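Student: Below is the structure, and that's it, no one-letter string:
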């Protein structure tokens, strides 16, 4: 049972401040890099060429991130939190410097690949190390802070990229990112000095890793293919490979997911599925800036900040939600999160109009904030439930390490599925926006069903344990 009286300030005490900076900073760097590069690439192409490779800058980064996120458990067992984080920050800084000095697009793509390898480690470590670095009462708040860094990236990334792209010296954005990476990485040996290696050294899950890499490549390629039948085929092929990955994981001895995921009585698989449905919902932000320009006639910079409305709702809701500790309240929040997300997305679709005035635009932003708040209500407690899913510390850490992989896979699928939904509404931007929002709302409703299944599974386990305790 979590200890009472835990506060946000407990993350910033003298003995925890450094850990908090490292965990939050690693995720923030990944998020900022994702958005800043998208803002810079059109300007970079004018300087170094390679327009036909534009989409691959994101594809390579995502695939590399998913691959390295699956290695977090093995890395922690072999090198411990300090060595693992130094590896992540080191790869990320090297990749960023390669992007900074790249004379051509192929070199920049190589930099993005190295950057992605480091970023995937930082993403996975952000959740895995929480289990070791914080007491149970603080894990929901720590998970909320780590995931809130995506909101920070949504604001800082486009602003940083937009400013340097507009002023001309686009390379300086990568320079700033490199300085930030080295600065945060420099405190790792001091911030994490009390942590130790955990778990047992294990072999790399080569087959699982290969299947995930193929799935990530397929879904990323689907996102850049001409929209239509090819996109749908790419998504379906990726889903088939993910099904193969799950079938292999069920019977393999060296795995990415903990064995508990496939135990019939465990709620863990339903918690992961809820996280997937919730994470896909934030894909709305990929297209909101476009819709804000086409439907609301906003300037690109203003449209970019409208697109961050869901992340703002996500971040604010987490501040309130993460403090909940009563088990019944926490359980309701896990179910309410995807339900609020679905409601917010549906309201966004219903209030969407062409040539929006100020009042309609504000309503649109409010509805997107409601949608984002659904993610914030549920995510900290879904993360904490994964971390506390097993009494075995090694298995719990493996489960926590997989959160980053689950989130990255869901984000990649969300982007591709969003592209399909937008394509269904073309050539009308209004119809595309509504198809996107209602389609993502339907996926969020599936998240409600998964959360209810997790609740029923946990309740059955509690009932079964009571006679033994009696």
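Tutor: Arrived safely. Keep in mind that what you see is a predicted model, and the values were worked out from it rather than measured.
Student: Geometrically speaking, which residue is the centre of the chain?
Tutor: Central residue of the chain (CA atoms, centre = their mean): residue 407, 4.3 Å from the mean position.
Student: Looks like that residue contacts residue 275 (just checking).
Tutor: Yes - the pair residue 407 and residue 275 passes the contact test of CB atoms under 8 Å, sitting 6.9 Å apart. Placement of C-beta: from N, CA and C, glycine included.
Student: Longest helix in this protein, please.
Tutor: Using DSSP state H, we find that the single longest helix of the chain is helix 429-469.
Student: That helix - contacts with which helices or strands?
Tutor: Under the contact criterion of 3 or more CB pairs under 8 Å, 6 or more residues apart in numbering; DSSP states H and E, helix 429-469 touches helix 268-281, helix 288-296, helix 327-351, helix 358-387, helix 393-425.
Student: what bits of the stretch 201-350 of the chain have low per-residue confidence?
Tutor: Residue ranges of the stretch 201-350 of the chain with pLDDT under 70: 201-202, 223-228, 300-301, 304.
Student: again, only this time at 50
Tutor: For the stretch 201-350 of the chain, not a single residue meets the criterion pLDDT under 50.
Student: ok so, going back, could you export the helices and strands packed on helix 429-469 to CSV, including columns for distance to residue 182?
Tutor: Compiled in CSV, the helices and strands packed on helix 429-469 are given as follows (distance: least, CB to CB, whole Å):
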stretch, distance to residue 182
helix 268-281, 29
helix 288-296, 31
helix 327-351, 36
helix 358-387, 28
helix 393-425, 22
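Student: Nearest to residue 54, out of these?
Tutor: Of all the helices and strands packed on helix 429-469, helix 393-425 sits nearest to residue 54, with 15.0 Å by CB to CB.
Student: what angle separates that closest one from helix 268-281?
Tutor: 40 degrees (axes from the mean of the first three to the mean of the last three CA atoms, to 10 degrees).
Student: Show me which positions of helix 393-425 end up buried.
Tutor: 394-423, 425 (16 or more other CB atoms under 10 Å).
Student: quick one: it to chain centroid distance?
Tutor: Distance of helix 393-425 from the chain centroid (CA atoms, centre = their mean, to the nearest Å) equals 7 Å.
Student: Just the mean pLDDT for that helix, thanks.
Tutor: The average of the pLDDT scores along helix 393-425 is 86.
Student: Same check on stretch 352-371?
Tutor: Mean per-residue pLDDT for stretch 352-371: 82.
Student: Equivalent analysis for stretch 11-27, please.
Tutor: 92.
Student: which residues touch it?
Tutor: 10, 85, 88-89, 122-123, 125-126, 129-130, 133-134, 138, 141-142, 145-150, 180, 184, 187-188, 190-192, 194 (CB atoms under 8 Å, 6 or more residues apart in numbering).
Student: for it, which positions count as buried?
Tutor: Residues of stretch 11-27 classed as buried by neighbour count (16+ other CB under 10 Å): 11, 16, 18, 19, 20, 21, 22, 23, 24, 25, 26, 27.
Student: low-scoring stretches of the stretch 1-150 of the chain, by residue?
Tutor: In the stretch 1-150 of the chain (pLDDT under 50), the answer is 1-4.
Student: Okay, helices next: where are they in it?
Tutor: For the stretch 1-150 of the chain, the helices defined by DSSP state H, counting those that start in this stretch cover 17-48, 56-69, 72-101, 105-128, 130-133, 136-167.
Student: Compile these into JSON lines and extend it with columns for distance to residue 308.
Tutor: Shown next, in JSON lines, are the helices of the stretch 1-150 of the chain (distance: least, CB to CB, whole Å):
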{"stretch": "helix 17-48", "distance to residue 308": "9"}
{"stretch": "helix 56-69", "distance to residue 308": "18"}
{"stretch": "helix 72-101", "distance to residue 308": "23"}
{"stretch": "helix 105-128", "distance to residue 308": "20"}
{"stretch": "helix 130-133", "distance to residue 308": "25"}
{"stretch": "helix 136-167", "distance to residue 308": "4"}
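Student: and the spatially closest residue to residue 29 that is not a sequence neighbour, how many neighbours?
Tutor: Distances taken as CB to CB, 6 or more residues apart in numbering place residue 181 nearest to residue 29, at 5.7 Å, with adjacent residues excluded. Residue 181 has 27 neighbours, counted by other CB atoms under 10 Å.
Student: Identify the residues contacting the host helix or strand of residue 181?
Tutor: Assigning secondary structure by DSSP states H and E places residue 181 in helix 171-186. Residues from elsewhere that reach helix 171-186 (CB under 8 Å, 6+ apart): 21-22, 25-26, 29, 32-33, 36, 40, 85-86, 89-90, 92-93, 96-97, 99-101, 160-161, 163-165.
Student: hmm, 7 Å instead?
Tutor: Contact with helix 171-186 is made by 21-22, 25-26, 29, 32-33, 36, 40, 86, 89, 92-93, 96-97, 99-100, 160-161, 164, as judged by CB atoms under 7 Å, 6 or more residues apart in numbering.
Student: Pull up the gap between residue 23 and residue 143, please.
Tutor: Separation of residue 23 from residue 143 (CB to CB, to the nearest Å) stands at 10 Å.
Student: Between those two, which contacts overlap?
Tutor: residue 130.
Student: In contact with the residue nearest to residue 411 when sequence neighbours are not counted, which residues are there?
Tutor: In this structure, residue 411 finds its nearest non-sequential neighbour in residue 279, 5.9 Å apart by CB to CB, 6+ apart. Residues near residue 279 by CB under 7 Å, 6+ apart: 407, 410, 411, 414.
Student: Next one: residue 279 relative to residue 403, how far apart?
Tutor: Using CB to CB, residue 279 is found at 10 Å from residue 403.
Student: same deal with residue 71?
Tutor: Applying CB to CB, the value for residue 71 to residue 403 is 14 Å.
Student: what's the burial count for residue 222?
Tutor: 26.
Student: my guess is it contacts residue 234, does it?
Tutor: Yes - Residue 222 is within contact range of residue 234, at 2.6 Å (criterion: CB atoms under 7 Å).
Student: Need the residues touching each of those two.
Tutor: Common neighbours of residue 222 and residue 234 (criterion: CB under 7 Å, 6+ apart): residue 416.
Student: looking at it, residue 369 is touching residue 309, isn't it?
Tutor: Yes - in terms of CB under 7 Å, residue 369 counts as a neighbour of residue 309; the distance is 5.1 Å.
Student: In terms of neighbours, single out the busier of those two.
Tutor: For residue 369 versus residue 309, neighbours defined as other CB under 10 Å are more numerous around residue 309 (24 against 21).
Student: The more buried one contacts residue 367, correct?
Tutor: No - between residue 309 and residue 367 there is no contact under CB under 7 Å: 8.6 Å.
Student: among the contacts of stretch 11-27, which ones are buried?
Tutor: 10, 85, 88-89, 122-123, 125-126, 129-130, 133-134, 138, 141-142, 145-150, 180, 184, 187-188, 191-192.
Student: hang on, residue 220 packs against residue 412?
Tutor: Yes - judged on CB under 7 Å, residue 220 makes contact with residue 412 at a distance of 6.1 Å.
Student: Give me the common contacts of these two.
Tutor: Residues touching both residue 220 and residue 412 (CB under 7 Å, 6+ apart): residue 62.
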